[in-house]
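# Give me coordinates for this.
(2 chains)
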Amino acid sequence: MAWTLNADRPIYTQLVEKIQKDIVSGIYKAGDKIPPVRELATEAAVNPNTMQKALVELERMGLLYTQRTSGRFVTEDGEMINKLKNEMASEQIKIFLENMKQLGYDTEETISIIKELDKEEEE
Amino acid sequence: MSCLIETRGLNKKFKNKMALGDVNLQLERGRIIGLLGPNGSGKSTLIKIINGLMVPTSGEVLINGQKPGVETKKIISYLPERTYLNEWMRVRELLDYFCDFYEDFRRDRAEVMLKNLNISMDDKLKTMSKGTKEKVQLILVMSREAQLYILDEPIGGVDPAARDYILKTIIGNYNENATVLLSTHLISDIENILDEVIFLQYGQIRFHASVDDIRMKEGKSIDQLFREVYRC
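Residues are numbered from 1 along each chain as shown, chains lettered A, B, ... in the order given. The predicted structure follows:
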């Protein structure tokens, strides 16, 4: 199944985000080897050069590293992965709060709605 | 640089009609390039000139530093818009034919692809559907170990599932010394696999840029941009 990509943003930034998500959610764990460029490109149905560019960007961020002959690996720095996870969570929350604002709810109100929903689910 | 195709001031006139006007291109190795433009914008004319099937009115084209001829045909694998294969031939015979013709033809590769698309070796071209015929031709073309693949409308007649398979085949066969130049109208289907696009209009290059640069600058897909640029 090809990866779902949006039409309006560069492909490589979306590839970067997708792999970040796979790392944060544990699909690729700290220290795991990731598949070679061509395999990832075929899976995502994107150009191999674009995939390469995304992987190089992830290396620059420190999330991946290359071991000369044996391929690319996820960083073993768990703290870095946690930090990224928190950043991605904040980003999602900001977007959510913005959407709620557009519906006419301020942050306080949104939080109380969340709490109520949570209670209902527990019951 | 590793320039694979270079055109200098390429012009082609049919009587008084200009088909190509001052086309200057430099295309590198290791790229997948989309040649896009509305009907009659000069895509097929440019492709035919690169393949040596048409002579430009003025200007020149160099493939790997050479003018189109026997040497360049050895390194170009070309899928024309219309078939030139004999209708009475069976798939097996077509494979023999390509083996005889091209030193770089990889029969095993073709056989795997034919099997994956459930095409029998005993089938004749004549009895195949339009889509299946297109698949067979594309498989033949992609099974060569060429340096330049030129595909004129490669996915027009095939169903979406086979289209996905074909795109994966193009990605899978990708190697950094070879370039794929393909023309199509089905932009949204292929834009994720392209490095760069060339937009032709009235025989001239409207622009030539990398897909991600366009998306970054314009905030829209190539497909959306195409619809805007060529709005009727």
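# quick one: B:Pro38 and B:Tyr230 touch, right?
Yes - between B:Pro38 and B:Tyr230 there is a contact under CB atoms under 8 Å: 4.9 Å. Backbone N, C-alpha and C define where each C-beta goes, glycine included.
# Residues in contact with both of the two, list them for me.
Common contact partners of B:Pro38 and B:Tyr230 (CB atoms under 8 Å, 6 or more residues apart in numbering or on different chains): B:Gln201.
# centroid residue for chain B?
B:Leu151 (1.8 Å; CA atoms, centre = their mean).
# where in chain A is pLDDT low?
Within chain A, the stretches with pLDDT under 70 are A:1.
# Please pull out the lowest mean pLDDT helix or strand from chain B.
helix B:160-173 (a mean of 85; mean pLDDT, DSSP states H and E).
# What's the first helix or strand after it?
Next helix or strand after helix B:160-173 toward the C-terminus (DSSP states H and E): strand B:179-183.
# And for A:Lys85, the neighbour number?
16 (other CB atoms under 10 Å in any protein chain shown).
# Next up, the contacts around it.
By CB under 8 Å, 6+ apart, the residues touching A:Lys85 are A:Val24.
# ok so, going back, does the least confident helix or strand of chain B reach chain A?
Yes - against chain A, helix B:160-173 shows contacts by CB under 8 Å from any CB of the partner chain at B:164, B:167-168, B:171-172.
# just the buried members of those residues?
Neighbour-count burial (16 or more other CB atoms under 10 Å in any protein chain shown) is assigned, among the residues of helix B:160-173 next to chain A, to B:164, B:167-168, B:171.
# can you put these in TSV and add distance to A:Gly71?
Output for those, formatted as TSV (distance: CB to CB, whole Å):
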residue	distance to A:Gly71
B:Asp164	27
B:Leu167	25
B:Lys168	21
B:Ile171	19
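# ok, A:Ser112 to A:Tyr105 distance?
For A:Ser112, the distance to A:Tyr105 equals 9 Å [CB to CB, to the nearest Å].
# Settle it for me: which of the two has more neighbours?
Higher neighbour count among A:Ser112 and A:Tyr105: A:Tyr105, with 15 against 11, using other CB under 10 Å.
# now the helices: where do they sit in chain B?
Here chain B has its helices, by DSSP state H, at B:43-50, B:70-75, B:91-101, B:107-116, B:130-142, B:160-173, B:187-190, B:211-218, B:222-229.
# just to revisit the earlier point, could you pull up the residues touching the residue nearest to the centre of chain B?
B:Leu151 touches B:78-79, B:138, B:141, B:180-183, counting by CB under 8 Å, 6+ apart.
# please redo it, this time with the cut-off set to 10 Å
B:35, B:47, B:77-81, B:137-138, B:141-142, B:166, B:170, B:180-184 (CB atoms under 10 Å, 6 or more residues apart in numbering or on different chains).
# Give the ChimeraX command for selecting the buried subset of these.
To isolate the buried ones among those in ChimeraX, judged by 16+ other CB under 10 Å, type:
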select /B:35,47,77,78,79,80,137,138,141,142,166,170,180,181,182,183,184
